[in-house]
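Asker: 3D, please:
(2 chains)
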Protein chains: 2
Amino acid sequence: MAIKFKLIKESKECMARLGILETPHGSFETPVFMAVGTQATVKTLTKEELEALGSKIILGNTYHLWTQPGNDVIREAGGLHKFMNWDRAILTDSGGFQVFSLAKLRDITEEGVHFRHHKSGERLFLSPEKATEIQNDLGSDIMMSFDECPPYPSTYDYLKKSTERTLRWAERCLKAHRNKDTQALFGIVQGGEYEDLRRYCAEELVRMDFPGYSIGGLSVGEPKETQNRVLSFTTPLLPKDKPRYLMGVGSPGMILDAVERGVDMFDCVLPTRIARHGTAMTSKGRIIIKNKEYERDFTPLD
Amino acid sequence: MAIKFKLIKESKECMARLGILETPHGSFETPVFMAVGTQATVKTLTKEELEALGSKIILGNTYHLWTQPGNDVIREAGGLHKFMNWDRAILTDSGGFQVFSLAKLRDITEEGVHFRHHKSGERLFLSPEKATEIQNDLGSDIMMSFDECPPYPSTYDYLKKSTERTLRWAERCLKAHRNKDTQALFGIVQGGEYEDLRRYCAEELVRMDFPGYSIGGLSVGEPKETQNRVLSFTTPLLPKDKPRYLMGVGSPGMILDAVERGVDMFDCVLPTRIARHGTAMTSKGRIIIKNKEYERDFTPLD
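Answerer: Numbers count the residues shown, from 1 in each chain, chains lettered A, B, ... in the order given. The predicted model follows:
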């Protein structure tokens, strides 16, 4: 087993829990927030700054690294950790979300997804096997199975077919995964806002026995109440002794809502992206540092 | 005296010399190259990276800091060192070079220079007193007197009048300088390519007894041979026990030429600017890191 999750404490008032996740590149407490290092770098931040911020695990994007510089280049460099000089943990997504959010002219088949690169227009094909191979080349500590992330809203019928395919894809990812001892592959629970689909998906994934579970298909435009409702009935379907990762979330409020509902791991571009444009998230709310009122304010941000 | 220069060794084959320059923010060996931190930051580099590179002194630009965020803001922050969290030495220019290279619609009078900001178009006025006041507010370890940097080529008559005015401006800077114990003001030798003008300027400045001397008006488009010829007859006019700074130079070859001619200090945007666009200066020449041949080269740059 590549990772080990220790459940330290559970809240008596809600589903919140404290844990420790051990990975081949260090341990950290959960709940944990992961900064996003899309192209093998958390933009503008050095490794030293990330460490000083207390980052124990960051995220890399399979879609971007596959197309630039290429997973073969990163494999030759000795893996993503060496390539980016980061010796703490890394989680990679499967590329699926970007295929559905960035890429053009998608054609989804049972085999995988044909699409065009969002910048070059190049014809590309991503499948469960390919997404797994890329992530094996990257050598991330935690990998994601290749799923379809359906848009919100989608019809029940579409979501049912999509969820069934995502489950078949999850099995193919498990089968294709070469490095089970050093990389933990998470299954992704889909099913939109429908409790029976989420239940079906979660139960099937748990049957496949993944070392961790992601909750996908949220934070795609649905109301906050829907997201919280889905979380409330989804996390109890997942084993207590495995980490739970809510993909792409999010704002501090959303994170707290999800922690209350038993989620352990989060990622979002929000804090780093707004920081690059001058907005700091502090314990007292957002500070837009370019505002006139801060011109002569030399006190710490927080 | 704000700074102390110790001459350690002189070459027997040329005018090259080794020295140690002590400043209120640390000592360093000369010859020294100063990275340029125009807007209170050496672009893309953290303080830690600069320190790791061995930077003991960096340059800040008076023109830029005066107009954004304003020398009053930096003074209120406790000076440029505190403002940019850099506790090693800082040298500031006088703003003169930018007035003559960047700004629009210049009008040079005995009092100073009226011009428009290179971006906003705002009407501005810089004089010896103003340039000195700004640098006193910035609190740099080494300041420059406000000079005119005439274009190349200029007529002998123009250069003579300009050099005489630059000398009058140098005296006004000396008089306006508030912090002689903590900031060393350098005089700037002008005079174009004319030996008698350079001699006149150098002798007059030495008479005013500056703690260091800059050589200005070079690297403005003249042939390399002209620059070397001017240096060869200018540095012997300057006292041996004071540091000599060749402003805005330059390429490694130019620096070596100038070191041979007795120059101690250099600055240029060249290495940091080309590095930001993917060119590294190494002991084996320039490496354009984006070239295909380096795609799978994981060896150190140098």
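Asker: quick check, residue A:185 in a strand?
Answerer: Yes: assignment of residue A:185 by DSSP: H, G, I helix; E, B strand; the rest coil places it within a strand.
Asker: now do the contacts for it.
Answerer: Residues near residue A:185 by Cβ atoms under 8 Å, 6 or more residues apart in numbering or on different chains: A:132, A:142-145, A:173-174, A:177, A:210-211. (Glycine included, C-beta is placed from N, CA and C.)
Asker: and it, what are its bridge partners?
Answerer: Residues in a beta bridge with residue A:185, per DSSP bridges, are residue A:143.
Asker: returning to what we had before: which of the contacts of residue A:185 fall within helices?
Answerer: A:132, A:173-174 (DSSP state H).
Asker: ok, those residues vs chain B, which is closest?
Answerer: residue A:132 (23.0 Å; Cβ to the nearest Cβ).
Asker: surely that closest one meets residue A:171?
Answerer: No: using Cβ atoms under 8 Å, residue A:132 is not in contact with residue A:171, being 11.4 Å away.
Asker: higher neighbour count, the two?
Answerer: Each of residue A:132 and residue A:171 has its neighbours counted (other Cβ atoms under 10 Å in any protein chain shown); residue A:132 has more, 27 against 15.
Asker: for that one, which non-adjacent residue is spatially closest?
Answerer: With Cβ to Cβ, 6 or more residues apart in numbering or on different chains as the criterion, residue A:132 has its nearest non-adjacent residue at 4.1 Å, and that residue is residue A:176.
Asker: pull the contacting residues for that neighbour.
Answerer: Contacts of residue A:176 by Cβ under 8 Å, 6+ apart are A:128-129, A:132-133.
Asker: enumerate the residues of the stretch 151-300 of chain A near chain B.
Answerer: A:295-296, A:298 (Cβ under 8 Å from any Cβ of the partner chain).
Asker: nearest to residue B:150 among these?
Answerer: Closest to residue B:150 out of these is residue A:295 (36.5 Å), distances taken as Cβ to Cβ.
Asker: list the contacts of the closest one.
Answerer: Applying Cβ under 8 Å, 6+ apart, the residues near residue A:295 are B:69, B:73.
Asker: and if you look at residue A:172?
Answerer: Per Cβ under 8 Å, 6+ apart, neighbours of residue A:172: A:127-129, A:132, A:146.
Asker: which of the residues you listed tops the neighbour count?
Answerer: residue A:146 leads the contacts of residue A:172 on contacts (other Cβ under 10 Å) with 29 neighbours.
Asker: so what pLDDT did that residue get?
Answerer: Per-residue pLDDT puts residue A:146 at 97.
Asker: does it really touch residue A:131, like I thought?
Answerer: Yes: taking contacts as Cβ under 8 Å, residue A:146 lies within contact range of residue A:131: 3.8 Å.
Asker: which neighbours do the two share?
Answerer: Contacts common to residue A:146 and residue A:131, judged by Cβ under 8 Å, 6+ apart, are A:94-96, A:173.
Asker: closest one of the residues you listed to chain B?
Answerer: For those, the nearest to chain B is residue A:95 (21.1 Å; Cβ to the nearest Cβ).
Asker: could you grab the helix/strand/coil label for the nearest residue to residue A:125 once chain neighbours are set aside?
Answerer: Ranked by Cβ to Cβ, 6+ apart and with sequence neighbours excluded, the top spatial neighbour of residue A:125 is residue A:114, at 5.3 Å. State at residue A:114, reduced to three classes by three-state DSSP: strand.
Asker: just name the shakiest helix or strand of chain A by mean pLDDT.
Answerer: strand A:104-108 (a mean of 84; mean pLDDT, DSSP states H and E).
Asker: that strand pairs with which strands, and in what direction?
Answerer: Here, using DSSP bridges, strand A:104-108 pairs with strand A:113-116 (antiparallel).
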